[in-house]
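Enquirer: I need the structure of the sequence given here:
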Amino acid sequence: MIRSAALRGFQAVAIVTFNVFVACRTDPPTPALAQTQTPTPTLTPTQTQTLTPTRDADATDLIASRPYRLDLPAAADASAIPLVILLHGYGSTGAGHEIYFGLSRLTKARGAALAIPDGTRDHTGKEFWNASDACCDFDADKSSVDDVAYLDALIDDASKRAHIDPARVTIIGHSNGAFMAHRYACERPSRVAAIVALAGVPAAGAKCEARGVSVLQVHGDADRVIDFAGGSSFGNGKPYPSAESAVAMWAQRDGCGASRKPAGPALDLDHASAGAETTRESYECPHGVDVALWRMHGSGHVPSFDAKFSEAALDFLLTHHK
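Expert: Okay, here's the model as predicted:
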């Protein structure tokens, strides 16, 4: 019920503020619930752990200045566990997007760790990731923010606090967070096995030699914030590619075939769109690598998801390893 109420609040605020920001077109704002509270695990300490790293002998300066939330499953044995990193959208927060996706409960049930970081605040107070020229570092005085280095430090820190399998580190991002997921996969392909990018794409013309990263691009074709067909940034007018171009880039890097083929029946993931709106296509890729595009027909920038989307996203992420 909390998650349902949060989603309604998320959508209501997004609708109200869209008219205000239509000239600059921004990501959805932080859900109202996330502005007042951080979700607290309901399970007992013997079942789960939630760590918020602070300054100590093991923390790097990056982590000390930008702590993150780390949710862990019960330590059933000594086996290494996967790490999923959740990257929020511009103007949102890690806590807000955890409410939106509801990932913590699901990752714990699947025996995976979930890292929930926050971006850096810009002059308007909105949190961003320095992901590409188009999104979403719009402050000249923040141009030195190195979020690739920050995610490096987060993975290193999480690996000190839990038995993380370095071959099963994955990222899910929404909007600006999806732009950042693409950037990190491009610049650190040895450290990430797979990404799920919702409504965010790689940098236009990115010089990327990455190989061996599996990519699931999920995008609504009625998205008017980050257009499915590509467009210009709401913040600075710089270009970004289409969702189809995004997966084509990764297919070429990963040595996949030249064209996409249907990949199963359509899915009903967005309650705001009638019927099974999400068509799935994928490339033929080398063993162990997948590049896929899920087109959400009629869906906008903030789809009305329930747990089915998050379960499907985790199915993709947790299937892959380096």
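Enquirer: Grab the longest strand from the protein for me.
Expert: Using DSSP state E to define each element, the chain has its longest strand at strand 164-174.
Enquirer: Residues in contact with it: which ones?
Expert: Residues outside strand 164-174 that contact it (C-beta atoms under 8 Å, 6 or more residues apart in numbering): 80-89, 92, 97, 100-101, 103, 113, 155, 158-159, 179-181, 184-185, 191-200, 313, 317-318, 320-322. Placement of C-beta: from N, CA and C, glycine included.
Enquirer: need the next SSE after it, C-terminal direction.
Expert: Note on strand 164-174: by DSSP states H and E, the next helix or strand toward the C-terminus is helix 176-187.
Enquirer: helices or strands up against that next one?
Expert: strand 81-87, helix 147-161, strand 164-174, strand 194-198 (3 or more C-beta pairs under 8 Å, 6 or more residues apart in numbering; DSSP states H and E).
Enquirer: Start and end of stretch 281-297, how far apart?
Expert: Stretch 281-297 has an end-to-end distance of 13 Å (criterion: C-alpha to C-alpha, to the nearest Å).
Enquirer: Let me know the average pLDDT across that stretch.
Expert: What stretch 281-297 shows for mean pLDDT is 98.
Enquirer: Next, the buried residues of that stretch.
Expert: Across stretch 281-297, burial judged by 16 or more other C-beta atoms under 10 Å covers 281-283, 285, 289-297.
Enquirer: Farthest pair within those?
Expert: Maximum pairwise distance among the buried residues of stretch 281-297 (C-beta to C-beta): 26.6 Å, between Val289 and His297.
Enquirer: hey, where'd the helices end up in this protein?
Expert: Taking DSSP state H, the helices of the chain run over residues 2-21, 32-36, 61-65, 94-101, 103-109, 147-161, 176-187, 243-253, 307-319.
Enquirer: Arg188 against Leu154, yeah?
Expert: No: checked against C-beta atoms under 8 Å, the pair Arg188 and Leu154 is beyond contact range at 11.7 Å.
Enquirer: Can you tell me which of the helices and strands packed on helix 176-187 is nearest to Met249?
Expert: Closest among these, using C-beta to C-beta: strand 194-198, at 11.8 Å.
Enquirer: now the angle from the closest one to helix 307-319?
Expert: On the basis of axes from the mean of the first three to the mean of the last three C-alpha atoms, to 10 degrees, strand 194-198 is oriented at 150 degrees to helix 307-319.
Enquirer: Check which strands are paired with strand 194-198 and give the direction for each one.
Expert: Applying DSSP bridges to the sheet, strand 194-198 is found paired with strand 164-174 (parallel), strand 214-220 (parallel).
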